[in-house]
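S.K.: only geometry, no sequence info:
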């Protein structure tokens with residue numbers, strides 16, 4: 001009765017443990033990483049921040065309205081004694097309440113630095129968008145590589161289990177032959193050594209599987225305490241996955257597009273710097289002209 005209860009408890013525990021293990025496919029792992037990985041979130045925030053940079057640069061080209069106002073209450077007014085025809089009179093200077101208001105409107109008719117900054121802000125948005133695409137591609141590459149390593153190690157463990165079962169069957173046959181006097185002791189020892197080596201290899205693969213599953217959880221941004229397992233028959237071989245064209249166009253790569261956009265940003269920065277320097281020289285000449293005149 002105790003043995004039956006123990007077996008039932010073990011079977012129930014195994015079913016509960018199996019239910020807690022979450023099987024994920026490659027597409028699910030990639031989508032999870034793009035939604036939760038810090039690199040992807042940071043790239044998305046940079047794209048959002050570039051929109052605010054564009055609004056800030058556009059605001060410099062829009063009309064600027066400045067309004068100021070003041071209201072002063074003089075609790076004690078200054079008094080002055082004046083002599084009129086031999087009579088002294090005390091006169092208060094000023095008023096108890098004083099107010100003032102100023103409204104000004106400024107519009108940039110032509111400022112090359114402002115328009116260059118607006119173009120640079122839009123280019124910055126394109127740069128961060130390309131950078132986000134590159135970050136997503138790198139995350140996908142890392143997740144796919146890690147997922148494949150888990151899948152490969154799991155397949156190796158299954159192969160080792162079949163090899164171990166076959167070797168143990170051969171060992172049992174040789175042991176029966178040895179006990180019947182039809183086999184040598186050295187053949188049985190060699191088979192036992194082979195069984196132990198396979199078990200050792202299996203243990204190493206199980207340790208490697210645990211490490212690679214943890215690495216996969218790290219790459220997709222999942223809690224390390226989660227129990228996951230890759231699905232079977234995840235990878236399919238098709239002709240489109242093969243590299244048939246050796247003449248690869250590098251301009252289509254995201255890294256090349258990112259460098260090209262970065263070069264465009266540097267050109268705009270150089271243009272804006274030259275504009276500010278030219279404006280500074282012009283203002284200096286005007287100041288000197290007014291001073292000497």
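M.R.: Nice, I can see it. Source: prediction; values computed, not measured.
S.K.: Please give me every residue in contact with the residue lying closest to residue 185 once chain neighbours are set aside.
M.R.: Distance criterion CB to CB, 6 or more residues apart in numbering; nearest residue to residue 185, sequence neighbours excluded, is residue 178 at 6.5 Å. (Each C-beta comes from the backbone N, C-alpha and C, glycine too.) Residues near residue 178 by CB atoms under 8 Å, 6 or more residues apart in numbering: 184-185, 187-188.
S.K.: redo that, cut-off 10 Å
M.R.: Residue 178 makes contact with 184-189, 191, according to CB atoms under 10 Å, 6 or more residues apart in numbering.
S.K.: Check residue 25 too.
M.R.: Residues in contact with residue 25, defined by CB under 10 Å, 6+ apart, are 31, 147, 230-231, 234.
S.K.: Check residue 85 too.
M.R.: By CB under 10 Å, 6+ apart, residue 85 lies in contact with nothing.
S.K.: cool, and residue 259?
M.R.: For residue 259, the contacting residues are 130, 253, by CB under 10 Å, 6+ apart.
S.K.: That one and residue 23, how far apart?
M.R.: Residue 259 sits 40 Å away from residue 23, going by CB to CB, to the nearest Å.
S.K.: go on, residue 257?
M.R.: Taking CB to CB as the measure, residue 257 and residue 23 are separated by 37 Å.
S.K.: Have a look at those two and say which one is more surrounded.
M.R.: Counting neighbours by other CB atoms under 10 Å for residue 257 and for residue 23 shows that residue 257 has the greater number, 17 against 11.
S.K.: my guess is that one meets residue 133, correct?
M.R.: Yes: the pair residue 257 / residue 133 is scored as a contact, 8.3 Å apart, by CB atoms under 10 Å.
S.K.: re the thing from before, list buried residues within the contacts of residue 178.
M.R.: 188, 191 (16 or more other CB atoms under 10 Å).
S.K.: Return the subset of the contacts of residue 178 lying in helices.
M.R.: 185-189, 191 (DSSP state H).
S.K.: mind listing what's buried in stretch 54-72?
M.R.: Buried-residue list, stretch 54-72, by 16+ other CB under 10 Å: 54, 57.
S.K.: cool, and stretch 31-40?
M.R.: 32-34, 37, 39-40.
S.K.: Looking at these, which is nearest residue 222?
M.R.: Set against residue 222, the nearest of those by CB to CB is residue 32 (6.7 Å).
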